[in-house]
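Participant: Next come a sequence and a model predicted from it.
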Amino acid sequence: MNKTVNINLAGLVFNIEETAYQVLKDYLSAIKSHFANEEGCEEIVADIEARMAELLKAKTHAGKQVLVEADINEAINTMGRPEDFSDGTEDENKSSAHEQKSNQYKNKTRRVFRDGDSKVLGGVCSGIANYFDTDPLWIRLILVVLFFGFGSGFLLYIILWIIIPEAKTTAEKLEMRGDPIDINTISQTIKEEAGQFKNRMQNFGDGVKDEYNRHRNNRTGNKVVNLIYTIFYGIINVVGKIFGVIFVLFGICLFAALLCLIFGIGTIDGLSVHNFFSAIGGETFSFTLFKLGLALCVGIPLCMLVYKGMKLVLGIKVRYRWLNLSVGILWFVGLAICLYLGLNLLNDYSAETQLKEQVKINTNDTLFVKANNNYPALITDIDFGWNRGRWLINTTQNPPIWWGKPQVKIITSENDSLSVFILKSSEGVDKPDAAQRAKKINYKLAQQGSILLIDNYFSFNSADKFRNQEVEVLIKLPKNKIIYLDNNLKRLLYDVENTNGITDSEMGAKYWKMTENGLTCLSCTKEDLMNIKNEINVKDSNAHVKIDKHGIEVNSKDAHVKISSEGINIEEKKK
């Protein structure tokens, strides 16, 4: 039967045998004596007592409530004795034993704490970096990628901030870094912290002293200048933070759009991203390489924009030259990939070829021109394009079929004969390649007596790639020849000259007669003519400008420009 006593060690109550208590008391007395003359003695002893209490707490459990002398000796061996760490007094055996104990400790599992000494916000990233023995910057970059890429980085950071405790005591800081927790490392850490604090206070005191002396010696004029400088600097600082917020928001929005583009989320004017690039680049286009180049060439500047914005907002002035160098190299790699693919793609638009096919038309009477609805649009068709250059893409077929609107032009014939031509054009790597694509365009005309049926659409297979394929129906009408334009041609007529100044879209359902100056309306009503009076027409040998209720239309030798409620449409004329 052994006598026991109750003790309070670092706020924890222990039931300990009297002999064990005496050993612990002698050990703590030796610790106090050893560090009596050291700076921060009380803090060192308090941290050592806290660590001892933690070790002894692990010795107790439901089946064992009393600490014995063996428990105390084991804890002392873990912490080390003062004489083991005395300068110049330990022998080689003790030094080797301490080194072996330190290595054994470092092999143990570390604990995760938030590092308050090197924190930016809550010390989460620096604490995790200590746990994995790596640079905190990599952990921060991972969270930034999670935030911008998946939207979970911020929430994850808040959760980790809540559940991970901060390393406050010296023992916790050592355990966070994986260093051995003994009296030597505790004392060294506290000495280092005390020295750093002393230096900061010394620098602060010197700064205050210098500032005081400077202000005391300043004249009134200098004080006014300093006041103006302070106000100006404060304004610049506020403006910088505002720009930082703008940079962050702008960068996040553009980065989200980039991710949608890379992962094929969303559409480009109704056409899916994958189908769009398949139509433009074709099946041989390297989408994976293009996405990689786009991610590097565009994604890196956006990430750096957000990074710089965060630095402005948080007032971070630390610079990482190796980071700028690394992302700069990656950006150049992405730029090289995009330039390589882009130049290869642009090479497919290097040459243009137009194939001309004449259609025999036999009629001595009035020529009736109507549109033949050769393709009834489906609900599932994708309406893609802009203004007049819109396409219907039938995705129910594999590969998809593109349907486009032809252009119908009517000009004066050079002779007394009526002639009709189909002009098919396309672009390609060279003339033969462009001609081959033009040949694959499907389009036809048909004559039924005095009626000329014009297909409403031309088509081509998406496997042939989109290379600005176009079809133009050119009708050369002799002078004094009468032609009737059906109302369903209003979306096909393009740049048709007439002496009445009627727009292309309003020329349907009327009879026309060819004259030296173009078509003249034979069946226009008074209302049609009244509408013309409300127009402003300016015409010379180079261009014709018309302003009416529909907008502004400029028709020149080089281009046709139309500005209306539907937008601005500019079409260059082929020479």
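Facilitator: Alright, I've got the coordinates.

Participant: Assess the claim that residue 445 and residue 473 are in contact.
Facilitator: Yes - assessed by CB atoms under 8 Å, residue 445 is found in contact with residue 473 at 7.0 Å. To be clear about C-beta, it is placed using only N, CA and C from the backbone, and glycine gets the same treatment.

Participant: which residues do these two both contact?
Facilitator: By CB atoms under 8 Å, 6 or more residues apart in numbering, residue 445 and residue 473 have these common neighbours: 420, 422, 454.

Participant: where are the low-confidence patches of the stretch 451-575 of the chain?
Facilitator: Residue ranges of the stretch 451-575 of the chain with pLDDT under 70: 528-542, 548-550, 557, 565-567, 572-575.

Participant: quick one: which of the shared contacts of residue 445 and residue 473 is nearest residue 285?
Facilitator: Of all the shared contacts of residue 445 and residue 473, residue 422 has the smallest distance to residue 285: 30.4 Å, by CB to CB.

Participant: got the residue ranges for the strands in the stretch 401-550 of the chain?
Facilitator: Assigned by DSSP state E, counting those that start in this stretch, the stretch 401-550 of the chain shows strands spanning 401-404, 407-412, 419-428, 445-448, 451-455, 458-461, 470-477, 482-485, 510-515, 518-521, 536-539, 543-548.

Participant: Please produce JSON lines containing those strands, extended by distance to residue 391 and mean neighbour count.
Facilitator: JSON lines is the format used below for the strands of the stretch 401-550 of the chain (distance: least, CB to CB, whole Å; neighbours: other CB atoms under 10 Å):
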{"stretch": "strand 401-404", "distance to residue 391": "5", "mean neighbour count": "21"}
{"stretch": "strand 407-412", "distance to residue 391": "14", "mean neighbour count": "19"}
{"stretch": "strand 419-428", "distance to residue 391": "14", "mean neighbour count": "20"}
{"stretch": "strand 445-448", "distance to residue 391": "21", "mean neighbour count": "14"}
{"stretch": "strand 451-455", "distance to residue 391": "15", "mean neighbour count": "20"}
{"stretch": "strand 458-461", "distance to residue 391": "10", "mean neighbour count": "20"}
{"stretch": "strand 470-477", "distance to residue 391": "11", "mean neighbour count": "21"}
{"stretch": "strand 482-485", "distance to residue 391": "24", "mean neighbour count": "20"}
{"stretch": "strand 510-515", "distance to residue 391": "29", "mean neighbour count": "20"}
{"stretch": "strand 518-521", "distance to residue 391": "29", "mean neighbour count": "19"}
{"stretch": "strand 536-539", "distance to residue 391": "33", "mean neighbour count": "11"}
{"stretch": "strand 543-548", "distance to residue 391": "28", "mean neighbour count": "16"}
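
Participant: so which of the ones you listed gets nearest residue 375?
Facilitator: For those, proximity to residue 375 was assessed by CB to CB; strand 401-404 is nearest, at 5.3 Å.

Participant: Longest helix in this structure, please.
Facilitator: Ordering each helix of the chain by length in residues (DSSP state H) puts helix 220-262 first.

Participant: and this structure, what are its domains?
Facilitator: Domain assignment for the chain, taken from automatic domain parsing, gives 220-347, 352-523, 534-575.

Participant: Could you identify which of the ones you listed is most buried?
Facilitator: Among these, the stretch with the highest mean neighbour count (mean count of other CB atoms under 10 Å) is domain 352-523, at a mean of 17.

Participant: so how far is that one from its chain's centroid?
Facilitator: Centroid separation for domain 352-523 versus its chain: 43 Å, with CA atoms, centre = their mean, to the nearest Å.

Participant: how about stretch 247-265 as PDB, C-alpha atoms only?
Facilitator: What follows is stretch 247-265, C-alpha atoms only, in PDB (Å, rounded to 0.1, in the frame of the first residue of the first chain):
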ATOM      1  CA  PHE A 247     -10.100  42.800 -61.000                       C
ATOM      2  CA  VAL A 248     -11.300  39.900 -58.800                       C
ATOM      3  CA  LEU A 249     -14.900  40.000 -60.000                       C
ATOM      4  CA  PHE A 250     -13.900  40.500 -63.600                       C
ATOM      5  CA  GLY A 251     -11.400  37.700 -63.500                       C
ATOM      6  CA  ILE A 252     -13.800  35.300 -61.800                       C
ATOM      7  CA  CYS A 253     -16.500  36.000 -64.400                       C
ATOM      8  CA  LEU A 254     -14.200  35.600 -67.400                       C
ATOM      9  CA  PHE A 255     -12.600  32.500 -65.800                       C
ATOM     10  CA  ALA A 256     -16.000  30.900 -65.400                       C
ATOM     11  CA  ALA A 257     -16.800  31.600 -69.000                       C
ATOM     12  CA  LEU A 258     -13.500  30.100 -70.000                       C
ATOM     13  CA  LEU A 259     -14.300  26.900 -68.000                       C
ATOM     14  CA  CYS A 260     -17.700  26.700 -69.700                       C
ATOM     15  CA  LEU A 261     -15.900  26.900 -73.100                       C
ATOM     16  CA  ILE A 262     -13.200  24.300 -72.200                       C
ATOM     17  CA  PHE A 263     -15.700  21.800 -70.700                       C
ATOM     18  CA  GLY A 264     -18.300  22.400 -73.500                       C
ATOM     19  CA  ILE A 265     -20.900  24.000 -71.200                       C
END
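
Participant: distance of the spatially closest residue to residue 248 that is not a sequence neighbour from residue 316?
Facilitator: Nearest residue to residue 248, sequence neighbours excluded (CB to CB, 6 or more residues apart in numbering): residue 309, at 3.9 Å. Applying CB to CB, to the nearest Å, the value for residue 309 to residue 316 is 11 Å.

Participant: same thing with residue 493?
Facilitator: Separation of residue 493 from residue 316 (CB to CB): 63 Å.

Participant: related to what we said a few turns ago, any chance of a markdown table for the strands of the stretch 401-550 of the chain, columns distance to residue 162?
Facilitator: Output for the strands of the stretch 401-550 of the chain, formatted as a markdown table (distance: least, CB to CB, whole Å):
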| stretch | distance to residue 162 |
| --- | --- |
| strand 401-404 | 55 |
| strand 407-412 | 66 |
| strand 419-428 | 60 |
| strand 445-448 | 74 |
| strand 451-455 | 68 |
| strand 458-461 | 58 |
| strand 470-477 | 63 |
| strand 482-485 | 75 |
| strand 510-515 | 77 |
| strand 518-521 | 79 |
| strand 536-539 | 71 |
| strand 543-548 | 67 |
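
Participant: May I ask you to confirm that residue 486 is in contact with residue 370?
Facilitator: Yes - if you go by CB under 8 Å, residue 486 and residue 370 touch, sitting 4.1 Å apart.

Participant: Helices of the stretch 51-200 of the chain, start to end?
Facilitator: 69-79, 92-106, 124-132, 136-150, 153-163, 170-177, 183-217 (DSSP state H, counting those that start in this stretch).

Participant: rank those helices by pLDDT, which is bottom?
Facilitator: Lowest mean pLDDT within those: helix 92-106, a mean of 46.

Participant: Endpoint to endpoint, stretch 31-43 covers what distance?
Facilitator: End-to-end distance for stretch 31-43, by CA to CA, to the nearest Å: 12 Å.

Participant: my bad, stretch 52-66
Facilitator: Separation of the first and last residues of stretch 52-66 by CA to CA is 16 Å.

Participant: Figure out how far that stretch is from the centre of its chain.
Facilitator: The chain centre lies 55 Å from the centre of stretch 52-66; the measure is CA atoms, centre = their mean.
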